[in-house]
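**Q** give me a model of this one.
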Amino acid sequence: MADRTYSYDPVGAATALNQQTHRMEQGQLWRQYVIAGIANIAIASTGYCMGWTSPVNIKLKDLSQSPLPEKVTDDQEAWIGSLLTVGAIFGPFIGGIAASKIGRKWGLISSAIPLFIGWILMAAATSVGMIYAGRIFWGLAVGMLFTISPMYCAEIATDEVRGALGSFLQLFITVGFLLVYSAGPYVSYSAIAYIGVAFTAVFVVAFFFMPESPIYYLTKNDREAAASCLMKIRGRSRAGVEAELEKMAVEVTASMQKTATIRDLGEKGNFKAMYISCALVFFQQFCGINAVLFYMTNIFTAAGSTLDASVATIIIGAVQLGASCITPFVVDRLGRRLLLLFSACGTAIGLGLLGMFFLLQANGNPIAAKIGFVPLLSLVLFMVTYCVGLGPLPWAVMGELFPIEVKAIAAPIATAFCWILSFLVTRFFNPVATAIGMHMAFWIFGVCCVGAFFFTMLLVPETKGKSFQEIQDMLRGKTSSKSEKA
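**A** As a prediction, this is how the structure comes out:
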């Protein structure tokens, strides 16, 4: 009886029994949310690292608060802001190797190593070179996590909640931003570092007890370990997960029939997935998000806002978090395309208003003094709409588009491309804004948001509620039969 229960027979009584058991066992959906949430504590830690420059840049120019013997120059400040993205360019390749060799779980845990090294360098910093090195190590961790975390969340999720778990990346990164924005201005430089260390330690301890992705074990031909993981993730018995496990095994077997190489990215479905992923991360970065985040305090100071820059930054961080909470609840109902279209429109309007304000200010128009609230209003609009679509969904969509055997090659390339763009934006935003005017810099970003709208409308497929196999068939121009659907 045990053999009949656990073996796969597409027309036999065992399959019927398994499917009936699967339907009877509702499972515990909350487990997927909890596991993905704990996995994304590391993402929150990277948000803390990425937002670190906003409060710390001010401290580094005040010798009474800085650990350095001299104030940092504007050029050094630009390098501090951008070097994290340099590390993040290389991190995805380390993450991709780790995900395929030691697993998604241990790949995520190993990202804590460069995070800890970065915080040690920051806490002990006596020169700007140590800060540079710390930022690069943080970047390695960011690149690793942005590659592995979407992969892990997509692989543990059922089709109906995959979009929600994929959007956790943006939600948790805003938790990190809000924490550093809230604490940074009011605690010492060293205290900021100690909080960062504690953040990372909490992730390592909590995630140690979480399961591996069952798909990883299936790629290693360890069906029993995959079943054990799936039982923990779904909250079902072995019989209750058998039908889903068999479906996963069939997909993995089909995907692993050949070893993927970079040439496979030229195949029709893979090429389409690649250019969609790269285009989405291009628009994500060239909407100017990292320029805004890294230099938010500078933007409010330059705008001459009547509101204290630190308070305004905290408000923006809270808005980010609130907006990011929306996406997990609506993405699997409204779909990816609609949210991306809404996000592109909103960010374009917000950047247009911000550019208009800086143009009035640059021309000495007296109206600028009367509308000092516009920078805050514009950035609130920008952040809300960014966090709903352009922030989380490129990562969620990327985790869905690539077949299993290609993910380890394609995801690091797309993620590295993202961070190359991020480096360009963060390193050269200030020089470009100085050369052509802050208003022109924001309008260029706004034009890119308009481009994102039309690209999404014309070329981005809807993946809501589709299985991995259905998505692959759609990219290749095939039609899945009813038997293939989830």
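
**Q** any idea what sits nearest residue 339, other than its immediate chain neighbours?
**A** Leaving out its chain neighbours, the residue that sits closest to residue 339 by C-beta to C-beta, 6 or more residues apart in numbering is residue 389, at 4.3 Å. Yep, even glycine has a C-beta here, placed from its N, CA and C like the rest.

**Q** pull up the gap between that neighbour and residue 102, please.
**A** According to C-beta to C-beta, to the nearest Å, residue 389 stands 33 Å off from residue 102.

**Q** the more surrounded of those two?
**A** For residue 389 versus residue 102, neighbours defined as other C-beta atoms under 10 Å are more numerous around residue 389 (29 against 14).

**Q** any idea how far residue 396 is from the more buried one?
**A** 10 Å.

**Q** just to check, the residue nearest to residue 339 is in contact with residue 337?
**A** No - taking C-beta atoms under 8 Å as the definition, residue 389 is not a contact partner of residue 337, at 9.5 Å.

**Q** any weak-confidence spans in the chain?
**A** Applying pLDDT under 70 to the chain flags residues 1-25, 255-261, 264, 293-299, 301-307, 309, 405, 479-486.

**Q** residue nearest the centroid of it?
**A** Central residue of the chain (C-alpha atoms, centre = their mean): residue 169, 4.3 Å from the mean position.

**Q** what is whichever helix or strand that residue is part of packed up against?
**A** Assigned by DSSP states H and E, residue 169 belongs to helix 168-183. For helix 168-183, the packing partners by 3 or more C-beta pairs under 8 Å, 6 or more residues apart in numbering; DSSP states H and E come out as helix 30-39, helix 41-51, helix 53-60, helix 128-156, helix 189-207, helix 309-324, helix 327-334, helix 393-401.

**Q** one more time with 7 Å
**A** helix 41-51, helix 53-60, helix 128-156, helix 189-207, helix 309-324, helix 327-334 (3 or more C-beta pairs under 7 Å, 6 or more residues apart in numbering; DSSP states H and E).

**Q** just how off-centre is that helix within its chain?
**A** 12 Å (C-alpha atoms, centre = their mean, to the nearest Å).

**Q** what angle separates it from helix 189-207?
**A** 150 degrees (axes from the mean of the first three to the mean of the last three C-alpha atoms, to 10 degrees).

**Q** which residues touch helix 168-183?
**A** The contact list for helix 168-183 (C-beta atoms under 7 Å, 6 or more residues apart in numbering) reads 36-37, 40-41, 43-48, 51-52, 54-55, 149-150, 153, 192, 195, 293, 313-314, 317-318, 320-321, 324-325, 327-328, 387, 391-392, 395.

**Q** the residue nearest to residue 339: what's it in contact with?
**A** Residue 389 is in contact with 339-340, 342-343, counting by C-beta under 7 Å, 6+ apart.

**Q** ok, which pair from these is furthest apart?
**A** 340 and 342 (7.3 Å; C-beta to C-beta).

**Q** which residue ranges form the strands in the chain?
**A** For the chain, applying DSSP state E gives no strands.

**Q** I'd say residue 111 and residue 42 touch.
**A** Yes - at 6.0 Å, residue 111 and residue 42 qualify as touching, with contact defined as C-beta atoms under 7 Å.

**Q** identify the contacts common to those two.
**A** residue 145.

**Q** from residue 388, how far off is the closest residue to residue 87 other than its chain neighbours?
**A** Nearest residue to residue 87, sequence neighbours excluded (C-beta to C-beta, 6+ apart): residue 139, at 2.2 Å. Using C-beta to C-beta, residue 139 is found at 26 Å from residue 388.

**Q** so how far is stretch 365-375 off the chain centroid?
**A** For stretch 365-375, the distance to the chain centre is 34 Å (C-alpha atoms, centre = their mean).

**Q** just give the closest residue to residue 234, not the sequence neighbours.
**A** Per C-beta to C-beta, 6+ apart, closest to residue 234 is residue 27, 4.4 Å.

**Q** doesn't residue 236 make contact with the one you found?
**A** Yes - contact status for residue 27 versus residue 236: in contact at 4.7 Å, counting by C-beta under 7 Å.

**Q** of those two, who's got more company?
**A** residue 236 (21 against 18).

**Q** list phi and psi for that one.
**A** phi -130, psi 170 (degrees, to the nearest 10).

**Q** need the overlap of contacts for residue 389 and residue 396.
**A** Shared contacts of residue 389 and residue 396, defined by C-beta under 7 Å, 6+ apart, are absent.

**Q** returning to that earlier point: how near is the residue nearest to residue 234 to residue 244?
**A** In this view, residue 27 and residue 244 are 10 Å apart by C-beta to C-beta.

**Q** and what of residue 214?
**A** 9 Å.

**Q** the helix ranked longest in the chain to helix 41-51, inter-axis angle?
**A** Longest helix of the chain, by residue count under DSSP state H: helix 404-436. In terms of direction (the same axes, to 10 degrees), helix 404-436 departs from helix 41-51 by 20 degrees.
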